[in-house]
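> Quick one, what's the 3D model for this:
(one chain, ligands or ions: 3)
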Amino acid sequence: MSSAVLVGTQWGDEGKGKICDLVAPEFDCVVRYQGGNNAGHTIVCGDKKFGLHLVPSGIMYESVTPVIGNGVVVDPKVLIEEIDMLENEGVSTKNLKVSGNAHIIMPYHRDLDGAFEQSLGKHNIGTTKRGIGPCYQDKMARIGLRMQDLLDEGIFRERCGVALERVNPQLELLYHLPTYTVDQLWDEFSAYAERLRPYICESSLLLNNMLEDGKSILFEGAQATLLDIDHGTYPYVTSSNCTAGGSVTGSGVGMKNIDRVLGIMKAYITRVGMGPMPTELSYDDECGHTLTEVGGEYGVTTGRRRRCGWFDGPIARYSTRINGLTDIALTKLDVLSAFDTIPVCVAYDCDGVRYTSVPEHQALFAKAKPVYQEVPGWREDITGCRSYEELPQAARDYVDLVEELAGCRVSIIAVGPDREQTIMRSWN
Ligand code: GDP
Ligand code: IMO
Ligand code: MG
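Ligands and ions are numbered 1, 2, ... in the order given. Reported below is the predicted structural model:
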């Protein structure tokens, strides 16, 4: 298998964890390239269920080297807790590698995330409050600390001092929050440094050496296309490039190495946090309630109820374009078995103009009215289907409609949370 990017195509929680875990054994390495512990990726294998926030979903296989790339922001405490959780469950983390260039989420980043959200009032983003935005902000402002800084007390203290000169006045004067000292932070972080030292490496070199040896890499995206800082529904986005392009900058691998881009697409749509969502259904609406409860649409990271709506064709087409998708994994098709008929958004009406892709101007997108095509449901349990041919005709038609709207082939169909509950169509 050649190298591939795996990317979320909607607003996150499409089932990236499940599909990544499923295809990971075909690769020698799985590298996370952006985001942090705002992500929650679920893997279900038999009676075991894992919710991963930082560790790449390839961790389940000894043959796969899991790498946390330079584009990721790492909360060391969360990483250590995740390593301990996996080891306690009998999953080895001995092959795990963390880029020395990955930025560290500091305690003040979490404080500032909460304070920024509060100060935004009704314009708040609905972040996960994990410190993601403030950490990327400091990275861009060139006052961030990186994983390699943990390995040298002198450098850590120096970098920390520089950061605190800017951060402390903000905490104290703007938000009336406690400030930090370098000593206090080194006390806490020196313990993390000792635990994480064996994992920290020059990951770009490692990845490129693997490629030179003919090995293959799966680049695991977190969040999703419409949460991308450049291509998402700004400002209601996360602070990194979740789209396929982020895979190269977030890992230090050249573009010529990527052969396929697999978009993970839910058979309907969900969103956590604020911002526009044209096909949203209220939780009080019978269908909205059914999608939420049958789909189990509650966040892995924050436990928040996800906003649910019908499949959005313009978003699918936009994602195909922005990411250069070559394949789609359509997930949670089984959830739609609960409906007699299924509305599918085939276009938007924005002030009387029809759009089949997401309009770039946010004012237009905010007032996009979905144009629905109502298609027949199948009202049949499909969780046992293992081939496209075994699916009821109406479910096959639904898959075909997704392909047509997205403009990309559906190569994998997921019909349940377990690894086994999957139809491999044209991925291999
Ligand atoms: P991610 O963030 O994209 O990895 O997705 P999450 O793990 O946050 O949310 C996806 C949820 O749907 C998890 O609970 C998965 O176990 C579950 N899931 C994934 N694929 C399927 C599927 O095809 N059918 C059903 N019913 N559940 C699925
Ligand atoms: P996975 O990888 C769904 C959302 C937050 C908020 C916005 C910004 O599991 O799909 P942040 O804390 O990143 O600054 O919040 O992005 N968000 C996600 N929504 N799935 C995720 O990750 C998300 N990560 C962030 O809810 O709206
Ligand atoms: Mg998730």
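> Only C-alpha atoms from now on, for both contacts and neighbour counts.
Fine.
> Might you report the residue contacts of the residue in the stretch 301-428 of the chain that ligand 3 sits nearest to?
When scored by Cα to the ion, the stretch 301-428 of the chain has residue 301 as its residue closest to ligand 3, at 7.2 Å. The neighbours of residue 301, taking Cα atoms under 8 Å, 6 or more residues apart in numbering as the test, are 37-40, 53, 128.
> now residue 3
27, 216-219, 257-260.
> mind running it again at 6 Å?
216-218, 258-259 (Cα atoms under 6 Å, 6 or more residues apart in numbering).
> what pLDDT does it get?
Note for residue 3: predicted pLDDT of 96.
> Quick one: end-to-end length of stretch 244-253, please.
Start and end residues of stretch 244-253 are separated by 13 Å (Cα to Cα, to the nearest Å).
> same thing with stretch 248-257?
Across stretch 248-257, first to last residue, Cα to Cα, it's 9 Å.
> How about stretch 62-79?
End residues of stretch 62-79 are separated by 19 Å (Cα to Cα).
> Residues touching that stretch, excluding its own?
28-36, 56, 58-59, 95-99, 101-105, 250-251.
> Just the buried residues out of the residues you listed, in PyMOL syntax.
Applying 16 or more other Cα atoms under 10 Å to the contacts of stretch 62-79, the buried members can be selected in PyMOL as follows:
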select buried, resi 28+29+30+31+32+33+34+35+36+56+58+59+96+97+98+99+101+102+103+104+105+250+251
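> So which bits of this protein are right by ligand 1?
Contacts of the chain with ligand 1, taken as Cα under 6 Å from any ligand atom, map to 12-18, 40-42, 44, 295, 300, 331-335, 414-417.
> Stretch 307-324: which residues count as buried?
307-320, 323-324.
> per-residue pLDDT, the closest residue to residue 192 other than its chain neighbours?
Leaving aside its chain neighbours, residue 192 sits nearest to residue 76 (6.3 Å; criterion: Cα to Cα, 6 or more residues apart in numbering). Looking at residue 76, its pLDDT is 98.
> so how many other residues sit close to residue 76?
By other Cα atoms under 10 Å, the residues close to residue 76 number 20.
> just residue 131 next, same as before
Residue 131: 27 neighbours (other Cα under 10 Å).
> That one contacts residue 109, doesn't it?
Yes - using Cα atoms under 6 Å, residue 131 is in contact with residue 109, at 4.5 Å.
> In strands, which of the residues of the chain next to ligand 1 fall?
41-42, 44, 331, 414 (DSSP state E).
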